[in-house]
Structure formats: structure tokens, C-alpha cells
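J.: just the structure for this:
(chains A, B, C and D)
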2 protein chains.
Amino acid sequence: MSGVFGARPAAKVLKLSVVRKKPGKEAAESPGAKVRAAGLRPTRQRVALAGLLFREHDRHVTAEALHEEAAKAGVRVSLATVYNTLHQFTRAGLLNEVVVDSGRAYFDTNIGDHQHFYVEENGELIDIPGDAIAVSNVPAPPKGMTVDRVDVVVRVKRA
Amino acid sequence: MSGVFGARPAAKVLKLSVVRKKPGKEAAESPGAKVRAAGLRPTRQRVALAGLLFREHDRHVTAEALHEEAAKAGVRVSLATVYNTLHQFTRAGLLNEVVVDSGRAYFDTNIGDHQHFYVEENGELIDIPGDAIAVSNVPAPPKGMTVDRVDVVVRVKRA
DNA sequence: ACTTCTCTTTTGAATTGTTCTAAACTGTTG
DNA sequence: CAACAGTTTAGAACAATTCAAAAGAGAAGT
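T.: This is a model prediction of the structure:
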């Protein structure tokens, strides 16, 4: 693989390097700022992944999918790094892990309190607005335990 | 707008209940009968596994765990058969698959509508009485889709 | 710019949980 | 009890994820 900088047509490189701005406060936090705010070094791959992830507010990705997406965007990142990064972001509170399928992990850029529709047929995840669903009467957790969070998954299928 | 649960009109609060405890005839059904009733040949291994599984009313097992348990009980069954059997029982409505962890599948002998506490720390699953939790205002599923079921997982951790 | 220190990334192997395959086996029926 | 279809088995194959060792790259100091 050739070096990232220098040996490539300008268009591709530009897309990535233009993200370099420091003055003033951006309306939307820049990827770099987000990474830094999470207490992580803003490395090329973390910033790039953050850029892809937080472009939209409600994204649901698997590690594989993000890895592919990065590749298509011309970002060279190993799959292991994608996994590492997703977990680090999750630990840092930038992402939410959603469990809907034993077999693959989904990560959600929406970290607010909300729930999901899950279409098993094609593995699609759809957000349910946070204030839509209400769960009541959750019983007290077992002794010595506290509720970490309540996940609601509405499994849907073709009518 | 609450086009809840497919064709159900105007229901606002979903009671996730239907605790299905048969009053009189509890363990009346023999393992063999259960297997047969499910339309499966009562082979030695299926009957043995059914015997282990349905001894208690609320059991949560993984394939590995059941396989080990069988071994300890002196039943010689291959892991593949355990997997096959668990899936067949699930398809036949004798078991419920519970998704709480991307990585392993749990099977529950309680087939009534109910929910779970999940202790991530040790992978323990604890039943929440079926009529305890209520979920309200589930929005209408995407076009052409119907709600298959609503899963609620209360993740708990050491206080 | 150069060094050094530490944190990151990478590649590929290793693990884990689950499914597949082909051959051997066993209920059931005639 | 023969014959067939349904089952089981061991092990290979798989998919998703993690691990390990070595190379690479920020950050800070000089």
C-alpha cells in the first residue's frame, strides 16, 4: 500500500485533510474534538471513524459494516482497530451498544434514551423516539443490584 | 397515534403478561410426551434433553451449558445435537430464545410472555414475572411490518 | 528538527459460539 | 425384522471477535 499522503489524487485526500480547523466553536463538534473530549488521542483512524460515525445522528453500524465503509471512503483502517475504536467510543459514552442479535454487535450513535425496532429479516435497526415508549412497573432488581438500563426491542417482520 | 401490535386498535398500554402457569397438571407431561406432542421423534437424546430442560419451569440455558449438564447426568449427546434440539424445541414452541448478549444464545423454558433481568457480570438471567412490566405507546411499526414481539431486558449490575 | 516515551495500529493467529457435512445409526412402519 | 426416512455424530467449516507481538505515530521535551 502506498503512503497515505502524497501519492494520491488530490480529491480523495482533500476530503480527509480538510477536516483541519481549530478556530471558534463548531456548531457540530468536529470528529477530532469529540475524540479528544473522550480522552483519546486523536489519531488518524479514530478521527476518520468518528467522522463517519457522527455524520448522522442516528447511525447503527456493525464493526464489519463500518470497516467496509471506511475502506470505501478511502480510509485505511484495520478491522481490529475498528473493533477497538467502537469499544473505546462506547466506553467513553460516545456510542451505545445495542443487543438484538446473538451473533453480531450493533453500535448506535444515538446515546439518548431510546428504543428500537428490529427487522430480523435483514438485520435492520430502526430508532424509536426516546419519548415514545414508556416502561412502567419495573420490579426491584435482585439484592445488591441496581438497574443499569432498560432495553426494549420491538421485533417486527413482514406482514 | 398508537397503532400498537399489528391489528390491535387503540390499545394504549401493553401488558406484557399472560403468565401461563397451568393450574393442575404441572409436570404431568413426561418428556417423551412433550417431544412427541411437538411432532418430533422421541429419540433417546431428545427425550433426555427434554427431561433435563423441563424439570424446572423457568430454566435459562445455553447450548454449552446444557451439553455439559447432559454429560454430567450421564447422557451421551453431541453438542451439535444439543444445538439442533434446542432449535427444534424453539420452533415447536417449547422454548423461547432470549437475546441479551451478542455472543451466546440463551434458551428459556418459560414460554409465556415475560421479561428478564440480565446480570452482565456473570451472564445470569432472572425472570421478571410476566404481568409486572408494562410497555406503553409502542409506535406503529414501519410500513408492511407487524410486531412479532416486544422484548424487555433490564440490565443490572452490582450496586 | 530530533529523541524518547507511551499509546496505537496492524497483521495474522487464536478463540468462541454456532452451523454444516457426510457417514453411521435408530425409530417407525409394513 | 427389513427398509426407509429421520437423527445423531465427529469433525471440519464458519463468522464474529479478541489477542499478541512488533512496527508505527502522537505528545512533550530538548
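J.: what comes up buried for stretch A:140-157?
T.: Within stretch A:140-157, the residues scored as buried using 16 or more other Cβ atoms under 10 Å in any protein chain shown are A:141, A:145, A:150-156. C-betas here are computed from N, CA, C, even on glycine.
J.: spatially central residue for chain A, please.
T.: Nearest residue to the geometric centre of chain A (Cα atoms, centre = their mean): A:Thr109, 4.3 Å.
J.: gap between that residue and DNA strand D?
T.: 17 Å (Cβ to the nearest atom of the strand, to the nearest Å).
J.: tell me the residues of chain A that contact DNA strand C?
T.: A:1, A:40-41, A:43, A:45-46, A:76-81, A:84-85, A:102-103 (Cβ under 7 Å from any atom of the strand).
J.: farthest pair within these?
T.: Using Cβ to Cβ, the residues of chain A next to DNA strand C reach their maximum pairwise distance at A:Met1 and A:Ser102, which is 35.4 Å.
J.: just the ones of the buried residues of stretch A:140-157 in strands?
T.: A:145, A:150-156 (DSSP state E).
J.: how many other residues sit next to whichever residue of chain A sits closest to DNA strand D?
T.: DNA strand D sits closest to A:Ala105 of chain A, with a gap of 3.2 Å, by Cβ to the nearest atom of the strand. Counted with other Cβ atoms under 10 Å in any protein chain shown, residues neighbouring A:Ala105 total 21.
J.: surely A:Lys34 meets A:Ala50?
T.: Yes: contact criterion Cβ atoms under 8 Å: A:Lys34 and A:Ala50 qualify, at 5.3 Å.
J.: overlap in contacts of these two?
T.: Listed as contacting both A:Lys34 and A:Ala50 by Cβ atoms under 8 Å, 6 or more residues apart in numbering or on different chains are A:Leu94.
J.: okay, the two: which has more neighbours?
T.: Neighbours were tallied for A:Lys34 and for A:Ala50 using other Cβ under 10 Å; the higher tally belongs to A:Ala50 (27 against 21).
J.: residues contacting the more buried one?
T.: Taking Cβ under 8 Å, 6+ apart, we find A:Ala50 in contact with A:31-32, A:34-35, A:89, A:94.
J.: A:Val35 too?
T.: With contact taken as Cβ under 8 Å, 6+ apart, A:Val35 is in contact with A:41-43, A:46-47, A:50.
J.: now rank these by neighbours and give me the top one.
T.: Within those, A:Ala50 tops the neighbour count with 27 neighbours, counted by other Cβ under 10 Å.
J.: so for A:Val77, what's the pLDDT?
T.: A:Val77 is assigned 97 on the pLDDT scale.
J.: count of neighbours near it?
T.: By other Cβ under 10 Å, neighbour count at A:Val77 equals 21.
J.: from A:Ala33, how far off is it?
T.: Using Cβ to Cβ, to the nearest Å, we find A:Val77 at a distance of 20 Å from A:Ala33.
J.: before we move on, what about A:Val152?
T.: 32 Å.
J.: what of A:Ala73?
T.: 20 Å.
J.: same question, A:Leu94
T.: 11 Å.
J.: same deal with A:Thr81?
T.: On the measure of Cβ to Cβ, A:Thr81 and A:Ala33 end up 20 Å apart.
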